[in-house]
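> What follows is a predicted protein model with its sequence.
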Amino acid sequence: MSTLSRRHLLAAGAASALPLLPGLAWAAGTTLAQIKASGELRIGCEAAYVPFTYRLDGKIVGYDVELADLLCKPLGVKPNFIDTAWAGVIPSLYAKKFDVVMSSMSYTKERLERVGFTVPYAEASQALLIRAADADKIKTTADLNGRTLAVKLGSPGQILQEKIAASLKSAGGSGFKEVRTFDDHPSAYVALAQGRVDGVLNTLATLAMVLKDAPGKYAIVKGMGGDNWAGIAARKEDTELIAYLDTQLAALKANGAIYQLQEKWFGFRMHLADTIPALG
């Protein structure tokens with residue numbers, strides 16, 4: 001199972017466990033003064049999610065790490081990333097093992113009910129990987145009529161392809177020629193390179209790394225599903241901390257610093273919504 005799929009499944013279990021945590025509704029919020037006094041902002045992450053947070057030569061590095069440096073600088077504190085199994089990341093947040101979770105945590109209805117979120121700092125939408133030679137032929141979902149799509153078994157892309165297929169036919173199209181299911185995304189990328197499929201669905205950030213590792217070979221088509229983003233998660237009661245982070249993220253968008261980091265780690269600038277998406 002891919003890291004992405006595992007994260008979606010484990011998050012549901014972690015969220016359902018939260019009501020069992022004692023004192024959750026009456027907990028006092030952590031203040032900025034307390035964080036300043038400690039000298040650090042403790043950040044929970046899964047250090048196995050390239051390029052957000054991962055280990056390189058034994059050190060946790062990535063887009064999130066460099067962004068956290070910028071967020072912490074005005075407070076005069078250092079970010080301290082704590083590697084945590086994704087299954088326990090939200091319960092560990094409420095157990096106060098760290099102050100926030102910063103590891104490309106996307107917005108879901110269940111998570112919004114359990115944690116406080118900042119505004120978006122990264123995209124988490126589904127996109128389509130195609131061959132670079134087909135960039136002029138496949139620009140929107142409508143161009144997928146009569147084409148063969150690849151998805152990973154159990155991935156969000158497998159669910160999304162059903163919606164895309166339905167929308168193609170409702171618009172009078174023929175729909176996909178075929179949908180091929182693979183046990184992992186790398187196998188699907190090989191099939192794409194060999195011309196056995198016309199596109200592969202996966203998250204935008206993950207596909208950006210595929211482009212970075214194979215320059216000139218592939219292209220990305222956005223807008224395959226509803227837009228979604230990732231935010232920094234904190235305990236519901238830590239409103240002062242969330243407000244601070246929102247202010248800093250807005251400043252980094254205004255001065256362009258966050259986009260410079262995105263170009264470094266992903267190879268492109270992300271579209272970031274100014275508010276948390278409303279999820280039904």
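Good, I have the coordinates.
> need the helices for the stretch 1-150 of the chain, in chain order.
Using DSSP state H, counting those that start in this stretch, the helices of the stretch 1-150 of the chain run over residues 3-17, 32-38, 63-72, 89-94, 109-114.
> Out of these, which gets the lowest mean score?
Mean pLDDT is lowest for helix 3-17 among the helices of the stretch 1-150 of the chain, at a mean of 47.
> list the contacts for Leu272?
119-123, 229, 253, 258 (CB atoms under 8 Å, 6 or more residues apart in numbering). C-beta coordinates here come from the backbone N, C-alpha and C atoms, glycine included.
> could these go into CSV alongside neighbour count?
Converted to CSV, those look like this (neighbours: other CB atoms under 10 Å):
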residue, neighbour count
Val119, 19
Pro120, 25
Tyr121, 25
Ala122, 25
Glu123, 25
Trp229, 22
Lys253, 16
Ile258, 24
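> List just the nearest of those residues to Lys109.
The nearest member of those to Lys109, counting by CB to CB, is Trp229 at 14.3 Å.
> Which helix or strand in the protein has the lowest average pLDDT?
helix 3-17 (a mean of 47; mean pLDDT, DSSP states H and E).
> quick one: Val61 and Tyr54 touch, right?
Yes: counting by CB atoms under 8 Å, Val61 touches Tyr54, with 6.6 Å between them.
> Domain parsing of this structure, as residue ranges.
3-123+228-265, 126-221 (automatic domain parsing).
> partner residues bridging the spatially closest residue to Lys139 that is not a sequence neighbour?
With CB to CB, 6 or more residues apart in numbering as the criterion, Lys139 has its nearest non-adjacent residue at 6.4 Å, and that residue is Val221. Beta-bridge pairing for Val221 (DSSP bridges): Leu128.
> correct me, but Val221 touches Ala127?
Yes: in this structure, Val221 is within contact of Ala127 by CB under 8 Å, at 6.4 Å.
> okay, the two: which has more neighbours?
Counted by other CB atoms under 10 Å, Val221 and Ala127 do not tie: Ala127 has more neighbours, with 23 against 20.
> How about the contacts made by the closest residue to that one other than its chain neighbours?
Of all residues not flanking Ala127 in the chain, Leu204 sits nearest, at 4.2 Å (CB to CB, 6+ apart). By CB under 8 Å, 6+ apart, Leu204 lies in contact with 123-127, 220, 222, 270.
> pLDDT score for Leu204?
85.
> Ok, Ser125 next?
Looking at Ser125, its pLDDT is 85.
> next one: the one 10 residues further on
The pLDDT attached to Ala135 in the predicted structure is 97.
> and Arg55, how many neighbours does it have?
Count around Arg55 with other CB under 10 Å applied: 13.
> Perfect, I'm done here.
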